[in-house]
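[1] model the following, please.
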Amino acid sequence: MAGPPPSPRRSSRNAWLITSPLALFAIACFMLFWVRDPGWWHSWPGTLLVFAGFVAANIGVLTIVVRRQAVAVILNEIPLILAIYFLPAPAVILAPALASLVTQLRSRMDTTKMAYNVAKTAARTAAALVVVSCLPPIDGAGPKTWGILAAAVATATVVSWAAYAGVITAVQDRRAGQDALRVGSQTVVTEAVNIVIGLVFLVALDATWWSAIPLGFLVLALAFVMRSFSEFFRQHRTLTEVYELTKAMREQGNEGNLADIMLAPIRRIMRAEYATLWLPAQGRHPEVLLTSRVDGRGLLDISPTPVPVREQAVKGGRTVAVSNRMPETMHLRPYLRDSQIKDVVVAPLRSGQTTVGSLEVVNRLGGYTQFRDADVQVLETIAAHAAVAVENSRLVERLRYDAYHDRLTSLPNRRRVTDALAEAVKVRAPGEVIAVMLFDVDGLRDVNESMGHAAGDTLLVEVARRLGTIAGPGALVGRIGGDEFVVTLRTEGIEEAVRLATEMREQLRGPMVVGSLALDVDTATGVAVDSDHGGDPEALLRRAELAANAAKALPYGVQLFNSGLESRAVRRLGLAADLRRALDGGEMEVYFQPKVSIRDRHLIGVECLARWPHPAHGEVSPEDFVAVAEHTGQLHRLTEVVLTAGLRHCREWADAGRPLSIAVNLSVRTLLDPRFPDTVHELLKLNQVPAGQVTFEISEPGMLGEIDRALPTLYRLRDLGVRLSVDDFGTGASSLSYLRQLPVHEVKIDDSFVQGMATDSGDLAIVRAVIGLSREFGLTVVAEGVESELTLDLLAELGCEIGQGYFFSRPLPVERLNMWLSAQTEPEETPTGEVRRLRAVG
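    Below is the predicted model:
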């Protein structure tokens, strides 16, 4: 799953940034109130009683976790109201502070947290007393006193939550602090109830001290009720979250993203710092080890769980829980100390009698809480559902495998080969072609009829095995028909592809043993390459099949596809007439793909891309209809349609207050037309678009051999003020030799290098070299094919200015683009005016 990196964890020492001011404020108030009431210590009996009340109230009855920290909702508002009414101010500050210190010592909390909690308690009490001193004197237990005490305690509550949010922000991040404030607002009702109860106690005690006896029983009952409610609420929430998790695993777990679906919810349900899914390698399935961390925004491929603990759970087939509360696993505690964790629960994932993995949670969140038996039961319940989800996911994966592979030979089937070809043709090195070789096995029907279909199957399996060995590791071998096998591979050119096909056919001709017979099997081989025979996978396979059929009549059995093998001319004539009607009738559509500045994510423009939804043939690939336009003289008209649409929308966006530049692709044939600059000038005037808002992209490979003829048109376009860009830079054969000749402003790195730079050091080196070269020439660098956050970060480090690709958006029609602009961008003021900035990417 791609997203922003997690915020770095800050040191816990940052808590002193909050603790110190709180302590100074409390000490200053204590000394001030001492000066005003020097005899306060004579009230020590009442102070001890209030101290005992605060100690009792500091027993947490409702715990809330914010990221890594836990906060307890307690009943200290009740003793605070009584202390303010009955005790002098210094004693009011001292009693809760000492009670907090005793509670922290009892819990063995670290020094930093202890100091913060004591300082916060003293400061909140001092703030309440400051409010009391600013209001009219307390006189009796009447309504006026109620208002004064309620205001004081409310102030203490606000100070407490502000301090807590501040310390969370200091030791974690601002978002965690905001979460703390939100959690604090959810306890307002509880605080108000405590204040009311405290006032009731005050009225009762002011009337008679004997009321302390029933009030004590009431306090115990109230604590019991709140604890019971807390436990009921926790169980209800857990059941709800477990239900939602199991529902998500059942509905979405078969998409291959089970870990993404389950780990973060499991971590939240268990209130753990880490949640891990471990699946050992099994058959075709590799080992899976993924972990969700509380402050992470993705999954890690490591686990803090000690390996011996996991091994005991997996081998024994029973859940293993290790913590100070679990004496039966005391022998495993040293492993926790070595791994610097405090507790862990490992639940095996069982399918029948077999353990297929484990589900693990580490470090229950909170200062002094650990996993309990109830938590173990919850994890075991989740693990049972997770085991079913894992088995279902693998079953679905097996079904998908069967859907993409031939059952007899286990080779990729036609569907899989087609998909692989679609991916292969997207990325290739300069001078490289994707060759499709189709081998049609002769005589299979005779074998089936004379020896049975089992013998025919044996023959096909042997052909598959031998072809896989011959083709080598870099090739994809598939079976796409009854007696048809296909090999796709990358090679240096057409001649090399034909040579390899001939060699493979000769090696396949060796005798094959079927039953008691040795058969000499022959094949007819057809060859098609993407560079000359189209980039559509289905078309390549179809043309290779046509070539194989033609090869059956040849003595050497190998045929390279050529246009004479299909009625290509007829098809082109039909497309030419249809293209003319589409251009004249407005059927040609223009899509727009955003271009974004990498440094600040500003949307700076769009590339205009032609699309042709043919009423009979469906979506016609741009490669096909551009070729038709070039061969039929309609290229100028096609370019004009795209440019006109782009300029019209450019004007509309500018009028709407969000100006965007446009980029339009140009063919070399267009640059050879001397009338084209005049057409551009007229369209710019007609749409009132500044020339600087338009960029023309000229493909580098298409420029080879035509540079001298195209230069006059390029200079005229530059003089108009439009920007010129070299598209697909790096794919041509003479980039460095002619770059300085062209009057260009921009270089656009080909997507084949950009998409591979994150994993291929060669592509990364090429991109780095292009960016460095462009800087030397003072050219802007655009990277197309940006499809991941990692690629974007690498481009930013290398100094690339502009990015374009599916990571930001795929090409969109103008209506959807306008919706995308509204949903994914926001206005931002810059020294040059208002621009659109992406809200979030990834």
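[2] would you mind finding the longest strand in this structure?
    Taking DSSP state E as the criterion, the chain has its longest strand at strand 602-614.
[3] quick one: strands adjacent to it?
    strand 589-597 (antiparallel), strand 618-620 (antiparallel), strand 661-666 (parallel), strand 833-838 (antiparallel) (DSSP bridges).
[4] give me the contact list for the third one.
    This means strand 661-666. Defining contact as Cβ atoms under 8 Å, 6 or more residues apart in numbering, one finds that strand 661-666 is touched by 592, 595, 604-609, 639, 642-643, 646-647, 649-650, 692-699, 725, 727. To be clear about C-beta, it is placed using only N, CA and C from the backbone, and glycine gets the same treatment.
[5] give me the buried entries from those residues.
    592, 595, 604-609, 639, 642-643, 646-647, 649-650, 693-699, 725, 727 (16 or more other Cβ atoms under 10 Å).
[6] which residues in the stretch 201-350 of the chain form strands?
    Taking DSSP state E, counting those that start in this stretch as the criterion, the stretch 201-350 of the chain carries its strands at 272-279, 288-293, 299-300, 320-322, 344-351.
[7] check those strands for me and report the most buried one.
    strand 320-322 (a mean of 25; mean count of other Cβ atoms under 10 Å).
[8] what separates that strand from the chain centre, distance-wise?
    Mean C-alpha position of strand 320-322 versus that of the full chain (Cα atoms, centre = their mean, to the nearest Å) differs by 32 Å.
[9] could you do stretch 46-59 as well?
    Using Cα atoms, centre = their mean, the offset of stretch 46-59 from its chain centre is 50 Å.
[10] same question, stretch 494-501
    On Cα atoms, centre = their mean, the centre of stretch 494-501 falls 42 Å from that of its chain.
[11] could you list the alpha-carbon positions for that stretch in CSV?
    Extracted C-alpha coordinates of stretch 494-501, given in CSV (Å, rounded to 0.1, in the frame of the first residue of the first chain):
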residue,chain,number,x,y,z
ILE,A,494,13.9,-8.7,-36.5
GLU,A,495,16.8,-10.6,-38.0
GLU,A,496,17.8,-11.9,-34.6
ALA,A,497,14.2,-12.9,-33.9
VAL,A,498,14.0,-14.9,-37.1
ARG,A,499,17.4,-16.5,-36.4
LEU,A,500,16.3,-17.6,-32.9
ALA,A,501,13.0,-19.0,-34.1
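[12] looking at the strands paired with strand 602-614, which is closest to Val92?
    Comparing those by their distance to Val92 (Cβ to Cβ), the top pick is strand 833-838, with 52.4 Å.
[13] quick one: average confidence on the closest one?
    On average, the pLDDT along strand 833-838 is 78.
[14] and stretch 54-67, by the same measure?
    Mean predicted lDDT for stretch 54-67 stands at 57.
[15] do I have it right that Ile341 meets Pro304?
    Yes: the pair Ile341 and Pro304 qualifies as a contact (Cβ atoms under 8 Å) at a distance of 5.5 Å.
[16] shared neighbours, these two?
    Residues touching both Ile341 and Pro304 (Cβ under 8 Å, 6+ apart) are Val362, Asn363.
[17] tell me the pLDDT at Arg310?
    92.
[18] with the one 3 residues further on instead?
    Among the per-residue scores, Ala313 holds a pLDDT of 90.
[19] likewise for Leu565?
    The model reports Leu565 with a pLDDT of 71.
[20] once you drop chain neighbours, what's closest to it?
    Leu546 (4.4 Å; Cβ to Cβ, 6 or more residues apart in numbering).
[21] check for me that the one you found belongs to a helix.
    Yes: counting by DSSP: H, G, I helix; E, B strand; the rest coil, Leu546 is located in a helix.
[22] hang on, it packs against Phe561?
    Yes: Leu546 is within contact range of Phe561, at 6.4 Å (criterion: Cβ under 8 Å).
[23] the two - which one has more neighbours?
    Remark: of Leu546 and Phe561, Phe561 carries more neighbours, 26 against 19, as counted by other Cβ atoms under 10 Å.
[24] correct me, but that one touches Arg542?
    No: counting by Cβ under 8 Å, Phe561 does not reach Arg542; the two are 9.4 Å apart.
[25] quick one on the thing from earlier: out of the strands of the stretch 201-350 of the chain, which is closest to Asp419?
    Across the strands of the stretch 201-350 of the chain, closest to Asp419 is strand 288-293 (Cβ to Cβ), at 23.9 Å.
[26] got the CA positions of that closest one in PDB?
    Taking Å, rounded to 0.1, in the frame of the first residue of the first chain, the C-alpha atoms of strand 288-293 are listed here in PDB:
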ATOM      1  CA  VAL A 288       5.000 -13.800   4.300                       C
ATOM      2  CA  LEU A 289       6.100 -11.700   7.200                       C
ATOM      3  CA  LEU A 290       4.300  -8.400   7.500                       C
ATOM      4  CA  THR A 291       3.800  -6.100  10.600                       C
ATOM      5  CA  SER A 292       1.600  -3.100  11.300                       C
ATOM      6  CA  ARG A 293       3.100  -0.600  13.700                       C
END
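[27] break down the stretch 501-650 of the chain into its strands, ranges please.
    So, for the stretch 501-650 of the chain - with DSSP E, counting those that start in this stretch - the strands run 511-514, 517-520, 523-529, 558-560, 589-597, 602-614, 618-620.
[28] compare the ones you listed and give me the one nearest Val680.
    Using Cβ to Cβ, the strands of the stretch 501-650 of the chain put strand 602-614 closest to Val680, at 13.6 Å.
[29] just the buried residues of the helix or strand hosting Asp402, please?
    Secondary structure from DSSP states H and E places Asp402 in helix 373-404. For helix 373-404, the buried set under the neighbour-count rule, 16+ other Cβ under 10 Å, comprises 375-376, 378-379, 382-383, 385-390, 393-394, 404.
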